[in-house]
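Q: test case, fold it:
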Amino acid sequence: MNIGQAATASGVSAKMIRYYESIALIPAGKRSEAGYRIYGDNDLHTLRFVKRARALGFSLDQIRDLLSLWQNKERASADVKTIALGHVAELNQRIAQLTEMRDTLQTLAGCCHGDHRPDCPILQTLAG
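A: Okay, the predicted model is just below:
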């Protein structure tokens, strides 16, 4: 199948497929005699893997490592778990940061009268 068909079948845009190939995240598609990219079932499997990993928020470097482990049938599942738990720790840190930001903004918004007066604690806090 061509790149457009692979994009439709995998849910990864043709532009992203080209990008993933350019950074060697996935192998470059085979080429027809006319120079068009050709993708098979294994390529689609890999693209779907990447799409699901991106949806879970894994970085491209983490996905590269996960792909390597996925393709290595003699891998230790502990290696995969280490990457997953590292990502969970990163997510927990981001959640804590976002929660703190939300709470701060919510407090500031609660202190703002939101009327015609120019006094605004939100702007005063941002101006520091």
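
Q: outline the domain layout of the chain.
A: 1-58, 76-127 (the TED database).

Q: which helix runs longest in this structure?
A: Of all the segments of type helix in the chain, defined by DSSP state H, the longest one is helix 77-111.

Q: and that helix, what's buried?
A: 83, 87, 108 (16 or more other CB atoms under 10 Å). (C-beta placed from N, C-alpha, C; glycine too.)

Q: show me which of those is closest to residue 57.
A: residue 87 (6.9 Å; CB to CB).

Q: and the closest one, what does it touch?
A: 56-58, 62 (CB atoms under 8 Å, 6 or more residues apart in numbering).

Q: and the domains of the chain: which comes nearest residue 70?
A: domain 1-58 (6.5 Å).

Q: what's the mean pLDDT across that closest one?
A: What domain 1-58 shows for mean pLDDT is 95.

Q: ok, stretch 86-101 next?
A: 98.

Q: next one: that stretch to chain centre, how far?
A: 15 Å (CA atoms, centre = their mean, to the nearest Å).

Q: list the contacts of the strand or helix carrying residue 6.
A: Using DSSP states H and E, residue 6 sits in helix 3-10. With contact meaning CB under 8 Å, 6+ apart, helix 3-10 is reached by 1, 12-14, 17-18, 29, 36-37, 39, 43-44, 47-48, 51.
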